[in-house]
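Undergrad: got a sequence here, can you model it:
(one chain, ligands or ions: 1)
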Amino acid sequence: MKAELLSLLYPRSISLETVGSKAHDSITSDDINVKLSYSKVNSVELNLIFAKFLNNDECKSRLFWELYDFSKEIIDEKYARRYLEVAITERILVCCPFCNGTGVMIFNDKVEFCPHCKEGNFIYSDDIVANLIGIKPQKFKKKKYNEIINKLMDIENSALSKIGDT
Ligand SMILES: [Zn+2]
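TA: Just a heads-up that it's a prediction; the model follows:
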């Protein structure tokens, strides 16, 4: 997925087929910026894409601050920070950390399905989300949390459609 995304970000003039004739480091961040300016990906979209697909922590932090005001509008300021942090994590950390995304675990030489995920995709159940936020499950405001999740999904879809369109 990472390689796929990067190839989308590269300017067409430097297609991956011609890369072989050039040094790899000839693809600069300027090249990527050119591609991004054509694709009209905005700052919040860029930060989400880099945070998710390139594991960039700085972009993750910028994404957080770009959405913090939005989060405060939705949920009590006391919880806005944690709700947003966990929602960003849910959208970015898809791969199950318990089985490393394999979907299976080995116990005493027996292979069993990992109970924390579905085919390697970590299951963010209400109880787990509440736990990550640091509140009791009965205090978890799922509707508000989902508003933040939907916002993040919209940003991601918008970014991917812009990148794919060019
Ligand atoms: Zn798992």
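Undergrad: same question for the helix of greatest length in the chain: list its buried residues.
TA: In the chain, taking DSSP state H as the definition, the longest helix is helix 142-165. Using 16 or more other Cβ atoms under 10 Å as the burial criterion, the residues of helix 142-165 that qualify are 144-145, 147-149, 151-152, 155-156, 158-160, 162-163. Just so you know, the C-beta spots here come from the backbone N, C-alpha and C atoms, and that holds for glycine as well.
Undergrad: and what of stretch 57-66?
TA: Under the neighbour-count criterion of 16+ other Cβ under 10 Å, stretch 57-66 has Cys59, Lys60, Arg62, Leu63, Phe64, Glu66 buried.
Undergrad: list the contacts for the last one?
TA: Okay, so that is Glu66. The contact partners of Glu66, by Cβ atoms under 8 Å, 6 or more residues apart in numbering, come to Ser43, Val44, Asn47.
Undergrad: let me see the mean pLDDT of the longest helix of the chain.
TA: Model confidence over helix 142-165, given as mean pLDDT, is 92.
Undergrad: stretch 109-119 and the ion, any residue contact?
TA: Yes - shown here: stretch 109-119 in contact with the ion (Cβ under 5 Å from the ion) through Cys114, His116, Cys117.
Undergrad: only C-alpha atoms, please: export stretch 98-115 in PDB.
TA: Extracted C-alpha coordinates of stretch 98-115, given in PDB (Å, rounded to 0.1, in the frame of the first residue of the first chain):
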ATOM      1  CA  PHE A  98      -1.700  -8.200  18.800                       C
ATOM      2  CA  CYS A  99      -1.100 -10.500  15.800                       C
ATOM      3  CA  ASN A 100       0.700  -7.900  13.600                       C
ATOM      4  CA  GLY A 101      -2.100  -8.000  11.100                       C
ATOM      5  CA  THR A 102      -1.900 -11.700  10.400                       C
ATOM      6  CA  GLY A 103      -5.300 -12.500  11.900                       C
ATOM      7  CA  VAL A 104      -4.000 -15.600  13.700                       C
ATOM      8  CA  MET A 105      -2.100 -16.300  16.900                       C
ATOM      9  CA  ILE A 106      -0.200 -19.300  18.000                       C
ATOM     10  CA  PHE A 107      -0.900 -20.800  21.400                       C
ATOM     11  CA  ASN A 108       1.000 -23.900  22.500                       C
ATOM     12  CA  ASP A 109       1.700 -24.900  18.900                       C
ATOM     13  CA  LYS A 110      -2.000 -24.400  18.000                       C
ATOM     14  CA  VAL A 111      -2.900 -21.800  15.400                       C
ATOM     15  CA  GLU A 112      -6.000 -19.800  16.500                       C
ATOM     16  CA  PHE A 113      -7.900 -16.900  15.100                       C
ATOM     17  CA  CYS A 114      -6.800 -13.700  16.800                       C
ATOM     18  CA  PRO A 115      -9.600 -12.500  19.100                       C
END
